[in-house]
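[1] Provide a 3D model corresponding to the input given below.
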Amino acid sequence: MPTLDDIAESIGLSRATVSHVLKGRSEKMRISPETAQKVLDAASKLGYIPNESARSMKRGYAKVISYAAPLIWPQFVSWYVEGAALEADRQEILMHIIPWTLVDDYRKAVDSALRQRPMGFIMQSADNEHTDYIFKRCSAEGIPLVSVDASSSVHPEVRRIISDDESGAAMAVDHLVG
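    Sure thing, here's the model as predicted:
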């Protein structure tokens, strides 16, 4: 797999110039459009693909979101997972799903996910035990945590996204009556 050094060597430019161009900072760094195009052409010709592992080491986190949810779920739960996966893909973020009803030890699965240094963690349909463990681990690692449609209130500090089913049902009835 070609590296920044390979691109730089092939066109006689510095590694720093190549890096700035490939990170979209040509204008800011006052790199001419001609030079930027030369870098982009060489990267394309060599088949360069950015090394996300190397970038994540520099950032301190991976472009990964961990999503913990039960494996067997009603249809509405899969809509949440699907929506999150589509948005993550749109933003070029990998989504790692932890099906805690499938794994033998959800704590081990959560710890494994956190070792990847995700940029965030989503949990869904979590009972108090799951919420407590995930909250403590994410807090210890400084990883943001969001709870989706969870009834657990073990940790009021956890951001919760919940649907207002009661109001939704009332609106549906009002619509049908009207």
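[2] going by C-alpha atoms from here, please, whenever you check contacts or count neighbours.
    Noted.
[3] check which element follows the lowest-mean-pLDDT helix or strand in the chain along the chain.
    Counting by mean pLDDT, DSSP states H and E, the chain has its least confident helix or strand at helix 52-59, which shows a mean of 76. Next helix or strand after helix 52-59 toward the C-terminus (DSSP states H and E): strand 62-69.
[4] in the sheet, who's paired with the most centrally placed residue in the chain?
    The residue lying closest to the centre of the chain (Cα atoms, centre = their mean) is Ile65, at 3.1 Å. Judged by DSSP bridges, the bridge partners of Ile65 are Met95, Gly120.
[5] now do the strands in the protein.
    62-69, 94-99, 118-124, 145-148, 159-161 (DSSP state E).
[6] Serialize those strands to a markdown table and add fields for mean pLDDT.
    Converted to a markdown table, those look like this (pLDDT from 0 to 100):
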| stretch | mean pLDDT |
| --- | --- |
| strand 62-69 | 87 |
| strand 94-99 | 89 |
| strand 118-124 | 91 |
| strand 145-148 | 88 |
| strand 159-161 | 80 |
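[7] now render the ones you listed as JSON lines, adding distance to Gly168.
    Formatted as JSON lines, the strands of the chain follow (distance: least, Cα to Cα, whole Å):
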{"stretch": "strand 62-69", "distance to Gly168": "24"}
{"stretch": "strand 94-99", "distance to Gly168": "28"}
{"stretch": "strand 118-124", "distance to Gly168": "20"}
{"stretch": "strand 145-148", "distance to Gly168": "17"}
{"stretch": "strand 159-161", "distance to Gly168": "15"}
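[8] which helix is the longest one in this structure?
    Secondary structure of the chain per DSSP state H: the longest helix is helix 75-90.
[9] mind giving me the packing neighbours of it?
    Applying 3 or more Cα pairs under 8 Å, 6 or more residues apart in numbering; DSSP states H and E, one finds that helix 75-90 contacts strand 94-99.
[10] the strand it packs on to strand 118-124, inter-axis angle?
    Angle, strand 94-99 to strand 118-124, by axes from the mean of the first three to the mean of the last three Cα atoms, to 10 degrees: 40 degrees.
[11] who's in contact with strand 94-99?
    Here strand 94-99 makes contact (Cα atoms under 8 Å, 6 or more residues apart in numbering) with 63-71, 85, 88-89, 109-110, 113.
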